[in-house]
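A.B. asks: coordinates only, no sequence provided:
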Ligand SMILES: [Zn+2]
């Protein structure tokens, strides 16, 4: 059975917090100092172009990071702000950067759920969302925005969040992949904000593209990106197979499956792993491969379709 270890993760990181560094032609990176099990060494903000520039993902509401970003563009004009998605490590610095620069804000839209809440369901990662964010300009899939010497193409890539957007940068033949594709780890797909079926469709969407380099929201640039995306697709298929394999031994709840499937998991990520399993379950239940009582939920018990009821 294929397990997590088949993805060639890059656990190194070349940026010092709040120091600017050129990472690709016409792209500078500034990493925020917000390391955590969810953010790796910190959120990476990007400056695109030269002279008249765009800032992509201004980052968390952290004055030192905002100052570092504004310092990095001193003597230049910031004309555009782009946001990949509305988690609190990506968008809360927008108001301060916008106030300082007057730039317009472009994104898919405000934060929203991938599906309605079930009765009695609460949002477990609620604190991670920036509910205040509103773009000046809402972008549709395939829309392009041009500045001085750069063009970004908006690519809707839901899954991590419903409003996640990646941006293809034509002039430098690369994609800003946000948290949809990262080199240090797989992304968290946590219902109801995220959805596994969306995430897989978004991986397949990028797999059809040829840009060799991805610049993610956390971690180092990803080279050989189309091949890496294939690894991520295979990894999720492997995880799904592991879940089905476990259910083949009998009905189980999500904590039991997390223990069986996530070997050596950082204990701080147990909750997130449970939500990832729930994301798989939603898809498996929709497909009819797995049964549960009522809608797929974090507290539910799951069994293979056609398998006898456990416990009787
Ligand atoms: Zn992030």
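C.D. replies: That came in fine, so what should we check first? Values in this document were obtained by computation on a predicted structure and should not be read as measured data.

A.B. asks: and the average pLDDT for stretch 45-64 is what?
C.D. replies: The average pLDDT for stretch 45-64 rounds to 98.

A.B. asks: show me what stretch 287-305 is in contact with.
C.D. replies: Here stretch 287-305 makes contact (C-beta atoms under 8 Å, 6 or more residues apart in numbering) with 118, 121, 124, 244, 247-248, 250-254, 257, 274-275, 278, 281-282, 284-285, 307, 309-310. All C-beta spots, glycine's among them, are computed from the backbone N, C-alpha and C.

A.B. asks: rerun at 6 Å
C.D. replies: 118, 247, 251, 253, 254, 278, 281, 282, 284, 285 (C-beta atoms under 6 Å, 6 or more residues apart in numbering).

A.B. asks: kindly report the same for stretch 49-58.
C.D. replies: 26, 45-48, 73, 76-82, 84, 90, 93-94, 97, 147-150, 176.

A.B. asks: which of the residues you listed count as buried?
C.D. replies: 26, 45-48, 73, 78-82, 84, 90, 93-94, 97, 147, 150, 176 (16 or more other C-beta atoms under 10 Å).

A.B. asks: for the contacts of stretch 287-305, which two are the farthest from each other?
C.D. replies: Spatially, the most separated pair among those is 118 and 247, at 21.1 Å (C-beta to C-beta).

A.B. asks: more crowded one of those two?
C.D. replies: Set side by side, residue 118 and residue 247 give different neighbour counts by other C-beta atoms under 10 Å, the larger being at residue 247 (24 against 14).

A.B. asks: and that one, how far from residue 281?
C.D. replies: 10 Å (C-beta to C-beta, to the nearest Å).

A.B. asks: the residue most central in space within the chain and the ion, how far apart?
C.D. replies: Nearest residue to the geometric centre of the chain (C-alpha atoms, centre = their mean): residue 179, 2.6 Å. As for residue 179, its distance to the ion is 4 Å (criterion: C-beta to the ion, to the nearest Å).

A.B. asks: pLDDT wise, what is the closest residue to residue 283 other than its chain neighbours at?
C.D. replies: Once flanking residues are discounted, residue 283 sits nearest to residue 196: 4.5 Å by C-beta to C-beta, 6 or more residues apart in numbering. According to the prediction, residue 196 has pLDDT 96.

A.B. asks: so what's residue 196 up against?
C.D. replies: Taking C-beta under 6 Å, 6+ apart as the test, what residue 196 contacts is 189, 279, 280, 283.

A.B. asks: got the phi and psi for the first one?
C.D. replies: Phi and psi for residue 189, reported as degrees, to the nearest 10, are phi -120, psi 100.

A.B. asks: try residue 207
C.D. replies: phi -60, psi -20.

A.B. asks: hang on, it packs against residue 231?
C.D. replies: No. In this structure, residue 207 is not within contact of residue 231 by C-beta atoms under 6 Å, at 10.4 Å.

A.B. asks: closest residue of the stretch 1-150 of the chain to the ion?
C.D. replies: residue 89 (4.4 Å; C-beta to the ion).

A.B. asks: if I look at that residue, how far off is residue 213?
C.D. replies: For residue 89 relative to residue 213 (C-beta to C-beta), the value is 22 Å.

A.B. asks: comparing the two, which residue is more hemmed in?
C.D. replies: For residue 89 versus residue 213, neighbours defined as other C-beta under 10 Å are more numerous around residue 89 (24 against 19).

A.B. asks: returning to what we had before: hang on, the residue nearest to the centre of the chain packs against residue 219?
C.D. replies: No. Residue 179 is beyond contact range of residue 219, at 10.1 Å (criterion: C-beta under 6 Å).

A.B. asks: now do the contacts for residue 274.
C.D. replies: So residue 274 contacts 254, 258 (C-beta under 6 Å, 6+ apart).

A.B. asks: got the buried residues for the helix or strand harbouring it?
C.D. replies: Per DSSP states H and E, residue 274 falls inside helix 270-287. Across helix 270-287, burial judged by 16+ other C-beta under 10 Å covers 272-285.

A.B. asks: enumerate the residues of the stretch 51-200 of the chain near the ion.
C.D. replies: 89, 179 (C-beta under 5 Å from the ion).

A.B. asks: need the strands for the stretch 51-200 of the chain, in chain order.
C.D. replies: For the stretch 51-200 of the chain, strands defined by DSSP state E, counting those that start in this stretch occupy the ranges 52-56, 77-82, 104-107, 137-138, 144-146, 151-156, 165-169, 174-178.

A.B. asks: hang on, the earlier thing: what's the pLDDT at the residue of the stretch 1-150 of the chain closest to the ion?
C.D. replies: pLDDT at residue 89 comes out at 96.

A.B. asks: so it sits against residue 62, correct?
C.D. replies: No. Residue 89 is beyond contact range of residue 62, at 9.4 Å (criterion: C-beta under 6 Å).

A.B. asks: can you count the residues close to residue 8?
C.D. replies: 11.
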